[in-house]
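[1] just coords:
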């Protein structure tokens, strides 16, 4: 097995997470969820450690990570932007918001700005359909957004 | 301290506003002033949900409910009701069945189109306090079932109630429980699974129930456990619902503390406990076999049935899967009886259904109506009609697995069979209203984008077929579609429907099929005339300035994010079509209506 | 606190019916002002938490005895945040679009003076009891 390059603090935390679920193979999703909460993302090295701890093939871990949209293999920006593309937001013009954010930041969904300040993702419904269209920056929800508000909203985070 | 003797509430909902409720408010104020009456307050309120009889005026404190009030009636109401304390009979609502005037709005429950059964505690109790749930007869159904019924009797009662699965497919719940009880009688372990993986984008019924009334789910799962012979329950819940997870966990802990979960519940010897499992964002996991694989820590891929979960489910053991809303109906059925429940709704669809009503509608909200209520009643009376006075175009039910219904379907009653006959489905409860500005080809593509994204990739029809359909739709939207493409689209849709492995794949073509059926002209406009009638498909439209209306204020040029608008001040401006990104900012900016989409 | 039998549960239920909403106030529930704040995800996203905090602080500061509780979704998503106010001896009234400013207006005008303010949402459903 290849040597795993990962800092020792993370290594310790991942091992603790695996131990807290009794190394049960059936708890793989919960283990990944907890690990992502601690580290922020699930790069290949992290998946290899988890595979070893739970005694499952790395391919299986990767299969699960790549299957579920909740898991990410790239780190997020300092301010993760999520554009809701649920149906209610879509019919009320969410696509226009997405295009405007893409244009201003010059990145596509799944990418991070070069300065690491913003990352962009789309998600399916935050359940705030009454406020559509909505975008989230971090935990903050911006309701009833129009394309020409986008620049001002992003500028709040650039100060 | 001011004391008002009367409050006059005038409905300011869209329907009543259209029939001059604002004028009525002004008239009330004027007459009160003229007569020097100071202890009566006039106030505009939100929609009463009785738009067909608007404008509505309600007087407090006696709850008198006047309908179809006109400006001329105002003086009469003040003279009679406010001054002399006599109700104005002719303005009261007449119950067509009893042919009698009804004055007190508390006795006019029948006008209210909504009936809250599954949502009975949402917005009423504090979800984080088990005592409030118990005070509303919480856990009394569980107590009744455990101490007064055998599992067989309890299953019989459930069958009699006619409750069908609220996740979308509508399988009879009692029948499902019976199968889980009888197919494998001697299993060493059985599981009750609650499907809380609400995947339909634009739907939030289950989330609201879990956030507002988590104990009802716990109680129902325990009842189900008793019926099928399971001691363990699992809730498969989306990780994207942190508040629902938190409240459910609090509820489980409280139930354990009160001995309503655990060993020897209420001294009957029955044992049951519940654990949470997190879903990680995969639509296909709403399919019960995929859900079970996901709970086992695998990729959430579906497998062929049989074996059904009732035979071989979680960890190979018999399992019963129901969704959140289905469970939310269970306690009340045992409390009030199967006969009471089966009186609500239609012949084959009993009870009520919760919908997340959203899109281009005035009163976006979480609603619950008896089965058999028509789409028109939901959209125009409860929903208050279309936003901004625009024209209704379509209503989508069933999310990515459902279809788009049109004007001609508005009188369709909402029940499993009628919606299926109209080529949509009941689905889990998403209901999205669209107006004339929504392009139906784009909507079909929107849903297909979603299913292509969410396809697990296991079977070819879904993995490849949906992708091909998506590419064709993309071609049409960009103005490169041919008539042949429309035929291919139809064929593909039918093949996928017949051959895909699971529910997700089989239903994925539904949005395409229903829009082709109902909006074929719109497809034709895209293909033949290269026009998008709704003005949504960017590649098929351009923004132009009408030189006769443009005064050259340059407001649009200053707002244009890409500097595509140029021209001399006080002269008509022009838009550089090469630069224009069609964001629409200029249209919103122009005060002179000089810019239009073509 | 364990429920030992169905009879036990029924006893507890009737006991809670009278006392639960009282919390620590020890009075008859109908003599108190009751405020319920709809705190589901959409309510919180539109600022229900701030409204709840406002009432908890302000009522305490002004020495007004009231019960402020959270509850689930009332269904009026278009008008979030929503609250329900019940004054002693009166029917409950639901207000929509309640930000802190509106909350303060409701406190000053309706709760203190019985004067209604704009933003009332008539309850248009029947709930099974």
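    Yep, it's here. Predicted model, so just to flag it, every value in this text is computed and none were measured. Residues are numbered from 1 along each chain as shown, chains lettered A, B, ... in the order given.
[2] In the longest strand along chain B, which of the residues would be classed as buried?
    When chain B is parsed with DSSP state E, its longest strand is strand B:270-279. Neighbour-count burial for strand B:270-279, counted by 16 or more other CB atoms under 10 Å in any protein chain shown, picks out B:270-274, B:276-279. All C-beta spots, glycine's among them, are computed from the backbone N, C-alpha and C.
[3] Could you provide those residues in TSV, with additional columns for pLDDT and distance to residue B:131?
    TSV is the format used below for those (pLDDT from 0 to 100; distance: CB to CB, whole Å):
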residue	pLDDT	distance to residue B:131
B:270	97	22
B:271	97	24
B:272	98	21
B:273	97	21
B:274	97	20
B:276	93	23
B:277	91	28
B:278	89	28
B:279	87	31
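[4] between the residues you listed, which is nearest chain A?
    Nearest to chain A among those: residue B:278, at 5.7 Å, using CB to the nearest CB.
[5] can you pull the contacts of that closest one?
    Under the criterion of CB atoms under 8 Å, 6 or more residues apart in numbering or on different chains, the contact partners of residue B:278 comprise A:29-30, A:33, B:236-239, B:245.
[6] Mind picking the lowest-pLDDT entry from those residues?
    Looking at pLDDT alone, the contacts of residue B:278 dip lowest at residue B:239, where the score is 83.
[7] about what we covered before: so which of the contacts of residue B:278 belong to strands?
    Among the contacts of residue B:278, DSSP E puts B:236-238 in strands.
[8] now these in TSV, with distance to residue A:77?
    Compiled in TSV, the ones in strands among the contacts of residue B:278 are given as follows (distance: CB to CB, whole Å):
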residue	distance to residue A:77
B:236	31
B:237	28
B:238	24
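[9] Closest to chain A out of these?
    Using CB to the nearest CB, residue B:238 comes nearest to chain A of those, at 8.4 Å.
[10] what residues are up against the closest residue to the closest one other than its chain neighbours?
    If the residues on either side of it in the chain are set aside, residue B:238 comes closest to residue B:279, at 4.8 Å by CB to CB, 6 or more residues apart in numbering or on different chains. Contact criterion CB under 8 Å, 6+ apart gives A:68, B:196-197, B:236-239, B:285, B:291, B:294, B:300 as the residues in contact with residue B:279.
[11] give me that answer again for 7 Å
    For residue B:279, the contacting residues are B:197, B:236-239, B:285, B:294, taking CB atoms under 7 Å, 6 or more residues apart in numbering or on different chains as the criterion.
[12] which of the residues you listed tops the neighbour count?
    By neighbour count, taken as other CB atoms under 10 Å in any protein chain shown, the most surrounded of the contacts of residue B:279 turns out to be residue B:197 (32 neighbours).
[13] coming back round to it: which one of the buried residues of strand B:270-279 is nearest chain C?
    Distance to chain C, by CB to the nearest CB, is smallest for residue B:270 among these, at 11.9 Å.
[14] hang on, isn't that closest one packed against residue B:146?
    Yes. Under the criterion of CB atoms under 7 Å, residue B:270 is in contact with residue B:146, at a separation of 5.4 Å.
[15] overlap in contacts of these two?
    The contact lists of residue B:270 and residue B:146 share residue B:226, where a contact means CB under 7 Å, 6+ apart.
[16] coming back round to it: out of the contacts of residue B:278, flag the one nearest to residue A:134.
    Proximity of the contacts of residue B:278 to residue A:134, judged by CB to CB, is greatest for residue B:238, which lies at 17.3 Å.
[17] For the closest one, give me its contacts.
    When the contact criterion is CB under 7 Å, 6+ apart, the partners of residue B:238 are B:196-198, B:279, B:281.
[18] cool, residue B:488 as well?
    By CB under 7 Å, 6+ apart, residue B:488 lies in contact with residue B:472.
[19] what's near enough to touch the residue in chain C positioned nearest to chain B?
    Each residue of chain C has a distance to chain B, by CB to the nearest CB, and the smallest belongs to residue C:72, at 1.9 Å. Taking CB under 7 Å, 6+ apart, we find residue C:72 in contact with B:122-123, B:127, B:208, B:211-213, C:38, C:40.
[20] From those, which land in helices?
    Among these, the members found in helices (DSSP state H) are B:208, B:211-212.
[21] Would you mind checking which helix or strand in chain B has the lowest mean pLDDT?
    Lowest mean confidence among the helices and strands of chain B (mean pLDDT, DSSP states H and E): strand B:100-102, at a mean of 72.
[22] Helix or strand next in line after that strand, which one?
    Helices and strands here follow DSSP states H and E; after strand B:100-102, the next one along the chain is strand B:114-116.
[23] and that next one, how far out from the chain's middle?
    Counting by CA atoms, centre = their mean, to the nearest Å, strand B:114-116 is centred 13 Å from the centre of its parent chain.
[24] Same list, the contacts of residue B:238, but as a markdown table with secondary structure please.
    Written out in a markdown table, the entries for the contacts of residue B:238 read as follows (DSSP: H, G, I helix; E, B strand; the rest coil):
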| residue | secondary structure |
| --- | --- |
| B:196 | strand |
| B:197 | coil |
| B:198 | coil |
| B:279 | strand |
| B:281 | coil |
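[25] and which of the residues you listed is nearest residue A:101?
    Proximity of those to residue A:101 was ranked by CB to CB; the top entry is residue B:281 with 20.9 Å.
[26] Return the distance of the closest one relative to chain A.
    Distance of residue B:281 to chain A, computed by CB to the nearest CB, to the nearest Å: 4 Å.
[27] Now for the residue of the stretch 301-450 of chain B found nearest chain A: which residues touch it?
    At 3.7 Å from chain A, residue B:358 is the closest residue in the stretch 301-450 of chain B, using CB to the nearest CB. Taking CB under 7 Å, 6+ apart as the definition of contact, the neighbours of residue B:358 are A:88, A:129, A:132, B:202, B:364, B:432.
[28] The residue of the stretch 201-350 of chain B found nearest chain C: neighbour count?
    Ranked by CB to the nearest CB, the top residue of the stretch 201-350 of chain B for proximity to chain C is residue B:212, at 1.9 Å. When counting by other CB under 10 Å, one arrives at 30 neighbours for residue B:212.
[29] isn't it right up against residue B:126?
    No. With contact defined as CB under 7 Å, residue B:212 does not reach residue B:126; the gap is 9.7 Å.
[30] which residues do these two both contact?
    Between them, residue B:212 and residue B:126 share these contacting residues under CB under 7 Å, 6+ apart: residue C:71.
[31] so residue B:240 makes contact with residue B:282?
    No. Taking CB under 7 Å as the contact criterion, residue B:240 and residue B:282 are not neighbours in contact, 11.2 Å apart.
[32] Burial check on residue B:42, number of neighbours?
    When counting by other CB under 10 Å, one arrives at 20 neighbours for residue B:42.
[33] so what's it up against?
    By CB under 7 Å, 6+ apart, the residues touching residue B:42 are B:8, B:10, B:25, B:28-29, B:32.
[34] from the residues you listed, which single one is nearest chain A?
    Looking across the contacts of residue B:42 and measuring by CB to the nearest CB, the closest to chain A is residue B:10, at 23.9 Å.
[35] And the helices in chain C, which stretches?
    C:6-19, C:41-45, C:48-61, C:100-105, C:112-113.
[36] Can you classify residue B:451 by secondary structure?
    Using three-state DSSP, the structure places residue B:451 in helix.
[37] Near chain A, which residues of chain C are found?
    Within chain C, the positions near chain A by CB under 7 Å from any CB of the partner chain are C:41-42, C:45-46, C:77-78, C:80.
[38] Same list, those residues, but only the ones touching chain B.
    Intersecting these with the surroundings of chain B, defined as CB under 7 Å from any CB, gives C:41, C:77-78.
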